[in-house]
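Participant: Sequence isn't available, so here's the structure alone:
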């Protein structure tokens, strides 16, 4: 008998995160290649507690609260990985200005579809999160190729919108027919391996799917182009309300129903010492979905807040 819910996090790397200022998901550009593995270990229950609430902390807290064990997949992740993760690809995303960013996109989609079919034997609803520094820039390129307008979200501490748009213009110059591509063919040219993996899971999984994230998951929905009504999205209110992005606009263009998951006020309002992390890195690692799942399972706001506080050194 399948269980109601399964929770998956796709781990990847992109050479775009090595460009200074393009991603804030690490202490340095080089450190971004270790972030997915480090966060996966934390979600799995190891590592020291951070001084403030992180997106990985949200997912760890909600999975602990609900008793759901997250399943990790290596989707182009190039760093060390201290947790078990089936391999969909070992090749990180390349720079799409120089050539196809995911040469093995079709193979990743096929492998992920097989994994999705297998997961369909175990659960009825699949919640899909991701962690790939640099992913929002790949998402922008996918969205622009699909004709979508709007600014994508970002974890960087400065506005890198101009750099991302300039990168997209160079991709379009390299591949003049890119706006005619869709699905795995489009991922191959300018996407990332996490998108390919998410697309495959959608194709293979027979039940409902909740894409946990913001503009990256909107890009996945655009790639899937599935009008069955079984695909929805869940994200934190932190990223939904981000004035530096147009998340609601992009989700609307993708015809993607969204559940907005509020982070309890005590973790985001001054003078809380817990507010810095979650206000900068507003979404990721399935955080919005994990919060939505806990609320769907009937946990109270007090229980949710207590579980979140348990992931912080100074709650």
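Facilitator: The structure has been received and is ready for your questions. Note that the coordinates shown come from a computational prediction; the quantities given were computed from them, not determined experimentally.

Participant: any low-confidence regions in this structure?
Facilitator: 1, 24, 155-159, 270-280, 314-315 (pLDDT under 70).

Participant: what about the strands in it?
Facilitator: If DSSP state E is used as the criterion, the strands of the chain fall at 3-11, 71-75, 87-89, 123-131, 208-212, 231-236, 258-261.

Participant: out of these, nearest to residue 101?
Facilitator: Ranking the strands of the chain by proximity to residue 101 (CB to CB) places strand 87-89 first, at 12.2 Å. For glycine as for every other residue, the C-beta is placed from the backbone atoms N, C-alpha and C.

Participant: Buried residues of the closest one, list them for me.
Facilitator: Across strand 87-89, burial judged by 16 or more other CB atoms under 10 Å covers 88, 89.

Participant: helices or strands up against it?
Facilitator: strand 71-75, helix 105-119, helix 193-204 (3 or more CB pairs under 8 Å, 6 or more residues apart in numbering; DSSP states H and E).

Participant: want to try JSON lines for the ones you listed, with mean neighbour count and distance to residue 224 as columns?
Facilitator: Below are these laid out as JSON lines (neighbours: other CB atoms under 10 Å; distance: least, CB to CB, whole Å):
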{"stretch": "strand 71-75", "mean neighbour count": "26", "distance to residue 224": "16"}
{"stretch": "helix 105-119", "mean neighbour count": "21", "distance to residue 224": "11"}
{"stretch": "helix 193-204", "mean neighbour count": "30", "distance to residue 224": "5"}
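
Participant: Pipe those into JSON lines and attach distance to residue 254 per row.
Facilitator: Converted to JSON lines, the helices and strands packed on strand 87-89 look like this (distance: least, CB to CB, whole Å):
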{"stretch": "strand 71-75", "distance to residue 254": "21"}
{"stretch": "helix 105-119", "distance to residue 254": "19"}
{"stretch": "helix 193-204", "distance to residue 254": "13"}
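
Participant: Which among the strands of the chain is found nearest to residue 180?
Facilitator: Nearest to residue 180 among the strands of the chain is strand 231-236; the distance by CB to CB comes to 23.5 Å.

Participant: which residue is nearest the centroid of this protein?
Facilitator: What sits nearest the mean C-alpha location of the chain, by CA atoms, centre = their mean, is residue 130, with 3.2 Å.

Participant: What's opposite that one in the beta bridge?
Facilitator: Legend: beta-bridge partners of residue 130 under DSSP bridges are residue 10.

Participant: which ones are touching it?
Facilitator: 9-12, 194, 198, 212-213, 216-217, 284-286 (CB atoms under 8 Å, 6 or more residues apart in numbering).

Participant: that older thread, nearest approach to residue 39 belongs to which of the strands of the chain?
Facilitator: strand 123-131 (5.8 Å).

Participant: would you list every one of the helices in the stretch 51-200 of the chain?
Facilitator: Shown for the stretch 51-200 of the chain, the helices assigned by DSSP state H, counting those that start in this stretch span residues 55-66, 105-119, 135-145, 161-174, 183-190, 193-204.
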